[in-house]
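> pasted the sequence and its predicted model underneath.
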Amino acid sequence: MRWPRLLLVLFVIPLTGCALNARPASYLVETKGPYALDTGDAVRVTVYGDAELSKTYKIDDGGAISFPLVGPVRVRGLTTQMAAASITAALADGYIREPSVAVEIEQYRPFFIQGAVKTGGQFAYVYGMTVRAAISTAGGFSDTADRTRAIIHRQQGKQMVKGVVDLDFPIYPSDTVTILERWF
């Protein structure tokens, strides 16, 4: 009776740790924070009371939008609320008395997917996308794809960060998703 218990303690109990969820508690790439505008985004600017200024503007390579009356307004790295405040301040500087401005994202910059998918490349980003949705957008997995994880490359500040993530991990515009091949 004593040997079976000893075998149970030595072999079975250590294996119970393998049954725990292997999902990482934290990711190297950030998943939180407000969305920051950048080159490639298109924003809808509404200036209340002035229909001619209210339209869609594309953020250029310099991170600015070319706004009538005031010229380029730098919006790279700003949230939509911060961009609205910048445009409001520029218009209030001698152009419009008490301007009221709203900014919303009309079109996000694209994301990229490569590796073991049917059609890799650049695709339009939709708010709230996950790796699984990105794979579907790219036509699904190839026959040899690792269907459990992916690699994300994301710009964080001035650094490119790489992380291994599961398929329900959220992606952002400008992310590069790489689907690896399985070995068996």
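Received it, and whenever you're ready, just let me know what you need. If you're wondering where the values come from, they're calculated on a predicted model, not measured in any experiment.
> show the subsequent helix or strand relative to the lowest-mean-pLDDT helix or strand in the chain.
The helix or strand of the chain with the poorest confidence is helix 13-16; it has a mean of 48 (mean pLDDT, DSSP states H and E). Proceeding N to C from helix 13-16, the next assigned helix or strand is strand 42-47, under DSSP states H and E.
> list the buried residues in that next one.
Neighbour-count burial for strand 42-47, counted by 16 or more other CB atoms under 10 Å, picks out Val43, Val45, Val47. In this view, the C-beta of every residue, glycine as well, is placed from N, C-alpha and C.
> so how far is Pro68 from the second one?
Spelled out, it's Val45. Here Val45 is placed at a distance of 10 Å from Pro68 (CB to CB, to the nearest Å).
> which residues are in contact with both of the two?
Here Val45 and Pro68 have Leu53 as joint contacts, going by CB atoms under 8 Å, 6 or more residues apart in numbering.
> can you tell me the element the residue nearest the centre of the chain falls in?
In the chain, the residue lying closest to the centroid (CA atoms, centre = their mean) is Tyr172, at 0.8 Å. Here Tyr172 is covered by no helix or strand, with elements defined by DSSP H and E.
> counting neighbours, what do you get for Gly63?
17 (other CB atoms under 10 Å).
> swap that for Glu181, please
So Glu181, with other CB under 10 Å, has 11 neighbours.
> how about it, what does it touch?
Glu181 neighbours (CB under 8 Å, 6+ apart): Gly115, Ala116, Ser142, Thr144, Ala145, Asp146.
> give the PyMOL command for selecting the buried subset of those residues.
Buried residues within those, by 16+ other CB under 10 Å, are selected in PyMOL with:
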select buried, resi 115+116+145
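> go through the contacts of Glu181 and name the one nearest Arg74.
Gly115 (35.5 Å; CB to CB).
> mind listing what the closest one touches?
Listed by CB under 8 Å, 6+ apart, the contact set of Gly115 reads Ala145, Val177, Thr178, Ile179, Leu180, Glu181.
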